[in-house]
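*Asks:* sequence plus the predicted model coming up.
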Amino acid sequence: MALRGDWVYENNGGTCVAIAGADYTVVAADTRLSVGYSIYTREFSKICTLADKCVLASSGFQGDMKALQKNLCARHLIYQHQQNKKMSCPAMAQHLSNTLYYKRFFPYYTFNILGGLDNEGKGCVYTYDAVGSYERVGYSCQGTGGTLIMPVLDNQLKSPSPLLLAARDAVTPLSESEAVDLVKDVFASATERDIYTGDKLEIIIVNAAGIRREFIDLRKD
């Protein structure tokens with residue numbers, strides 16, 4: 001298809017970050033939607049709330065992001081009617097994996113992170129590849145700024161090798177406010193080097209009290 005000139009994929013840029021703590025999860029993404037050197041909008045949200053304690057952040061092709069979010073929301077509504085309850089975050093993580101794998105021969109061009117609280121009230125973050133392989137981690141980053149942000153997160157949050165110490169839960173030792181501050185710092189740094197990340201930062205904090213949303217300004221050039 002690329003040779004015929006009707007290639008349907010394009011990367012609209014943007015970066016997503018999630019950090020899981022003992023009783024919270026912070027999910028953040030910038031609001032810039034662009035192609036090449038052209039900015040389509042500075043107010044595009046890359047985060048979708050799927051359940052009470054579960055949010056999805058995606059970057060990549062805007063059309064596939066919207067299609068994937070619409071698909072997940074519709075199937076979650078069917079699940080609620082059939083089971084008389086909302087889907088938990090681990091169940092939604094498996095459902096997202098199944099949805100991506102079902103489309104593996106013509107995949108959604110999206111880079112996804114799912115964050116929320118598990119059945120025990122602990123923070124959980126799931127990171128995905130394009131065809132549904134996923135892993136529960138303490139933190140993750142996807143998108144065009146990932147190569148800039150991930151080394152900083154590794155430096156600040158990565159636990160020692162399990163060969164040296166006993167394995168720990170997939171949560172970070174930071175408090176909620178420290179995690180929010182770290183997210184703000186890494187995005188402020190990434191926007192200095194990545195032209196596809198910028199304008200505003202949308203931050204979602206998921207904890208026992210519910211979901212809270214914050215916005216801060218980033219570089220607009």
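*Replies:* That came through fine. Numbers count the residues shown, from 1 in each chain.

*Asks:* select the longest helix from this structure.
*Replies:* Longest helix in the chain by number of residues, with DSSP state H as the criterion: helix 62-83.

*Asks:* mind listing what's buried along it?
*Replies:* When burial is assessed from 16 or more other CB atoms under 10 Å, helix 62-83 yields the following buried residues: Q62, D64, M65, L68, Q69, N71, L72, R75, H76, Y79. Bear in mind the C-beta positions are built from the backbone N, C-alpha and C, glycine included.

*Asks:* got the CA coordinates for it in CSV?
*Replies:* Provided in CSV are the C-alpha atoms of helix 62-83 (Å, rounded to 0.1, in the frame of the first residue of the first chain):
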residue,chain,number,x,y,z
GLN,A,62,-5.5,9.8,16.0
GLY,A,63,-8.1,7.8,14.0
ASP,A,64,-7.0,4.5,15.5
MET,A,65,-6.9,6.0,19.0
LYS,A,66,-10.5,7.1,18.7
ALA,A,67,-11.6,3.8,17.1
LEU,A,68,-9.9,1.8,19.9
GLN,A,69,-11.4,3.9,22.7
LYS,A,70,-14.9,3.7,21.1
ASN,A,71,-14.5,-0.1,20.8
LEU,A,72,-13.4,-0.5,24.5
CYS,A,73,-16.1,1.7,25.8
ALA,A,74,-18.8,-0.1,23.8
ARG,A,75,-17.7,-3.5,25.0
HIS,A,76,-17.4,-2.3,28.6
LEU,A,77,-21.0,-1.1,28.4
ILE,A,78,-22.0,-4.6,27.2
TYR,A,79,-20.1,-6.1,30.1
GLN,A,80,-21.9,-3.9,32.6
HIS,A,81,-25.3,-5.0,31.3
GLN,A,82,-24.3,-8.7,31.4
GLN,A,83,-22.4,-8.8,34.7
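
*Asks:* and the helix or strand just after that helix, what's its mean pLDDT?
*Replies:* Using DSSP states H and E, the next helix or strand after helix 62-83 towards the C-terminus is helix 89-102. Averaged across helix 89-102, the pLDDT comes to 95.

*Asks:* tilt between the very next helix or strand once past helix 89-102 and helix 62-83?
*Replies:* Using DSSP H and E, the helix or strand that follows helix 89-102 in sequence is strand 110-117. Using axes from the mean of the first three to the mean of the last three CA atoms, to 10 degrees, one finds that strand 110-117 and helix 62-83 are set 40 degrees apart in direction.

*Asks:* could you dump the buried residues of helix 62-83 into CSV and include distance to I19 and pLDDT?
*Replies:* CSV is the format used below for those (distance: CB to CB, whole Å; pLDDT from 0 to 100):
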residue, distance to I19, pLDDT
Q62, 25, 93
D64, 25, 94
M65, 21, 94
L68, 22, 95
Q69, 22, 94
N71, 26, 95
L72, 22, 95
R75, 27, 94
H76, 24, 94
Y79, 27, 93
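
*Asks:* what's the farthest-apart pair in those?
*Replies:* Q62 and Y79 (26.0 Å; CB to CB).

*Asks:* circling back to that earlier point, which residues sit against the longest helix of the chain?
*Replies:* The contact list for helix 62-83 (CB atoms under 8 Å, 6 or more residues apart in numbering) reads 9, 12, 33, 44, 46, 48, 50-51, 56, 58-59, 86-87, 92, 95-96, 99, 108-110, 112.

*Asks:* and the residues you listed, which are buried?
*Replies:* 12, 33, 44, 46, 48, 50-51, 56, 58-59, 86-87, 92, 95-96, 99, 108-110, 112.

*Asks:* what's the distance between Q94 and T191?
*Replies:* 34 Å (CB to CB, to the nearest Å).
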